[in-house]
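Novice: Below is the sequence, then the predicted model.
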Amino acid sequence: MVFQDINKINKVIMLTLVWGSMGFYLEIPGPTMIDIKIIFSATYEEVSRSVSGRGAGGFFGALIGGILVDKCSNSLDLLIALSETIAGLAIILVPYTYTINTLWFHYFALGVCSGVIGIAGIRSVIMLWPEKTAVSLQLLHVGYGIGALLVPLVVNPFLAVVQFPKQKSPNKNKEDFKVIKGTRVHIAYIAIGIATMLLSLAFYRFHFNRYFCKGYKRVKTSSESSSKKLTFKEMINPATYSNGQFCYGVYILTVLFLYYFTLVGGMEMFGQFVRSFSVTVFRFSKSEASYLNMTFWLGLTIGRLVGSVLSSYMPIRKLFLFQVFMHLMSSSMLNMYASLRPSLLWYCTAFEGFLISPLYPSGIAYGNTLIEISGMCLMIIQFAGSFGDLSFIWIGGKLYDLYGPKSVLYILQLVGIVLIFSAGFLRIGERCKKVKEMELVVNT
């Protein structure tokens with residue numbers, strides 16, 4: 001029993017490292033955006049349009065992952081290993097692609113791989129350690145935050161040194177800066193790609209041990225033994241996850257889609273543009289801008305750790321509503337004060353990371369009290385997040401070029417407003433559910 005627990009812990013640790021690698025290769029576009037502009041002589045809109053391929057890939061990755069995970073439930077380690085290998089190759093080749101347009105396909109591949117890993121990894125945790133699922137999933141998300149946090153630190157020595165004129169250009173579409181020291185960012189991309197591929201070796205080993213090690217016996221988990229296989233028609237029917245109430249299931253899933261579309265899109269957009277914002281508005285040096293980017297991801301990591309502790313002491317409904325309201329306050333502070341002084345930008349960025357980070361797992365936990373959050377529901381949530389990532393980064397880059405860096409703050413303010421409305425709609429759904437349950441009790 002002790003040996004089995006040690007194996008489970010080792011597996012969860014390796015999955016956490018995989019999530020950390022996703023934090024590296026998915027969040028590297030933000031700290032390196034100016035360098036990519038230099039390499040390809042591109043605008044912010046063109047770079048952000050290429051990065052938006054990550055969201056499109058995540059959409060297809062969720063679809064592919066959902067199908068493969070159900071069809072190949074005994075080969076989850078192999079799916080993770082293959083996805084990590086492809087992601088490593090895609091990130092290595094980013095600086096060497098032909099044009100800014102072909103760069104889109106590299107990020108598309110990264111999005112597909114992360115989508116498959118996300119579903120396969122979560123399913124693997126559920127099958128591996130069902131009694132510790134909540135703790136394990138929190139650990140995975142912390143791993144992503146730590147990976148994203150370390151990206152600016154890793155890439156900073158290889159970034160170009162640029163100098164801006166003392167007065168801002170009247171033409172907002174033109175980025176006037178002089179390159180003092182050329183970029184060597186390709187070294188950082190290669191290092192992260194190699195580390196990602198090396199990590200995949202552990203999961204190739206897990207997979208082949210399953211089939212070729214003598215004496216290996218797979219033990220069925222309680223979740224596998226008790227689960228009922230659904231037909232395809234039942235899987236796509238919202239009533240399956242809402243006690244037979246089709247309209248109620250559609251309502252909750254629609255609100256969750258809106259919530260995660262806005263949440264993931266806004267979070268990724270701010271994470272990608274905060275460094276460029278600081279350089280454009282306050283003329284931050286490359287080190288200052290990288291540390292600011294780290295501050296956002298540090299706040300995000302700490303916020304998830306604190307959220308996991310608070311969830312043990314507060315009812316999820318109250319905690320969720322409190323977190324969404326506090327994020328609205330944070331996005332409002334960013335909109336009003338972040339462009340006034342550099343010190344305010346530092347404080348607001350840290351608070352934004354801290355307050356937006358727990359909204360993803362808290363939304364799933366609260367949604368699970370309204371409907372049964374199954375694999376199909378998780379696929380819809382990932383679709384929403386990928387679509388938001390695709391849309392917000394592309395639109396944010398275009399508005400950045402047209403109207404200047406403050407457009408990023410305006411979009412984030414809109415994100416806070418939409419999230420508070422989404423939380424209100426979910427609360428209405430909860431009240432409707434309670435009324436329906438009371439009617440059933442009275443009728444029986």
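Specialist: Structure's in. What do you need?

Novice: Please, where are all the helices along the stretch 151-300 of the chain?
Specialist: 185-212, 222-226, 232-235, 246-282, 286-310 (DSSP state H, counting those that start in this stretch).

Novice: What sits closest to the residue nearest the centre of the chain if chain neighbours are left out?
Specialist: Centroid-nearest residue in the chain: Val264, 6.4 Å away (criterion: Cα atoms, centre = their mean). In space, and not counting its chain neighbours, Val264 is closest to Gly385: 3.5 Å by Cβ to Cβ, 6 or more residues apart in numbering. Where C-beta positions appear, they are placed from N, C-alpha and C, glycine not excepted.

Novice: And for Ala239?
Specialist: Ala239 sits nearest to Phe246 (Cβ to Cβ, 6+ apart), 4.2 Å away.

Novice: ditto for Lys178
Specialist: Spatial nearest neighbour of Lys178, chain neighbours left out: Gln163 (4.7 Å); criterion: Cβ to Cβ, 6+ apart.

Novice: Pretty sure that neighbour sits against Ser285.
Specialist: No. Gln163 lies out of contact with Ser285 (Cβ atoms under 8 Å); the separation is 9.8 Å.

Novice: Trp346 contacts Met294, doesn't it?
Specialist: No. Between Trp346 and Met294 there is no contact, the gap being 11.1 Å when judged by Cβ under 8 Å.

Novice: All the helices of the stretch 301-444 of the chain, in order from the start?
Specialist: For the stretch 301-444 of the chain, the helices defined by DSSP H, counting those that start in this stretch occupy 316-337, 342-356, 359-370, 375-403, 406-443.

Novice: what's the closest of those helices to Arg275?
Specialist: Arg275 lies closest, by Cβ to Cβ, to one member of those: helix 342-356, at 10.1 Å.

Novice: what mean pLDDT does that closest one have?
Specialist: In this model, helix 342-356 has a mean pLDDT of 93.

Novice: tell me which residues in it are buried?
Specialist: Neighbour counts over helix 342-356 (16 or more other Cβ atoms under 10 Å) mark Leu345, Trp346, Cys348, Thr349, Ala350, Phe351, Glu352, Gly353, Phe354, Leu355, Ile356 as buried.

Novice: ok, the residue nearest to Gly353 when sequence neighbours are not counted to Lys8 distance?
Specialist: Leaving aside its sequence neighbours, Gly353 sits nearest to Gly299 (Cβ to Cβ, 6+ apart; 2.8 Å). For Gly299, the distance to Lys8 (Cβ to Cβ, to the nearest Å) stands at 31 Å.

Novice: cool, and Phe208?
Specialist: Look at Phe208 and Lys8: by Cβ to Cβ, they are 19 Å apart.

Novice: sorry, back to before: who has more neighbours, Gly299 and Lys8?
Specialist: Taking other Cβ atoms under 10 Å, Gly299 and Lys8 do not tie; Gly299 has more neighbours (22 against 15).

Novice: which residues of the stretch 101-250 of the chain fall in strands?
Specialist: When assigned using DSSP state E, counting those that start in this stretch, the strands of the stretch 101-250 of the chain occupy the ranges 161-163, 178-181.

Novice: May I have the strands that pair with the last one, each with its orientation?
Specialist: Strand 178-181 pairs in its sheet with strand 161-163 (antiparallel), by DSSP bridges.

Novice: Give the rounded mean pLDDT of the partner strand.
Specialist: 77.

Novice: ditto for stretch 251-266
Specialist: Averaged across stretch 251-266, the pLDDT comes to 94.

Novice: what about His414, neighbour count?
Specialist: To be clear, residue 414 is Leu; His isn't right here. With other Cβ under 10 Å as criterion, Leu414 counts 14.

Novice: so what pLDDT did it get?
Specialist: Confidence at Leu414, expressed as pLDDT, is 95.

Novice: got it, and Ile236?
Specialist: 75.

Novice: measure it to Gly66 for me?
Specialist: Using Cβ to Cβ, Ile236 is found at 11 Å from Gly66.

Novice: And Val418, by the same measure?
Specialist: Applying Cβ to Cβ, the value for Val418 to Gly66 is 26 Å.

Novice: between these two, who's got more neighbours?
Specialist: Remark: of Val418 and Gly66, Gly66 carries more neighbours, 23 against 18, as counted by other Cβ under 10 Å.

Novice: Which helix or strand contains that one?
Specialist: Gly66 is part of helix 53-71, with elements assigned from DSSP states H and E.

Novice: can you put the helices of the stretch 151-300 of the chain in JSON lines and add distance to His327?
Specialist: Shown next, in JSON lines, are those (distance: least, Cβ to Cβ, whole Å):
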{"stretch": "helix 185-212", "distance to His327": "30"}
{"stretch": "helix 222-226", "distance to His327": "33"}
{"stretch": "helix 232-235", "distance to His327": "33"}
{"stretch": "helix 246-282", "distance to His327": "9"}
{"stretch": "helix 286-310", "distance to His327": "10"}
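
Novice: so where's this protein shaky on pLDDT?
Specialist: The model of the chain has pLDDT under 70 over residues 1-7, 70, 73, 126, 129-138, 164-177, 211-232, 374-375, 437, 439-444.

Novice: tell me the domain ranges of it?
Specialist: Domain assignment for the chain by automatic domain parsing gives 1-217, 237-444.

Novice: which residues are in contact with both of Ile236 and Gly66?
Specialist: Met376 (Cβ atoms under 8 Å, 6 or more residues apart in numbering).

Novice: My guess is the residue nearest to Gly353 contacts Phe354. True?
Specialist: Yes. If you go by Cβ under 8 Å, Gly299 and Phe354 touch, sitting 3.9 Å apart.

Novice: Can you say which of the helices of the stretch 301-444 of the chain is nearest to Gly57?
Specialist: Ranking the helices of the stretch 301-444 of the chain by proximity to Gly57 (Cβ to Cβ) places helix 375-403 first, at 7.6 Å.
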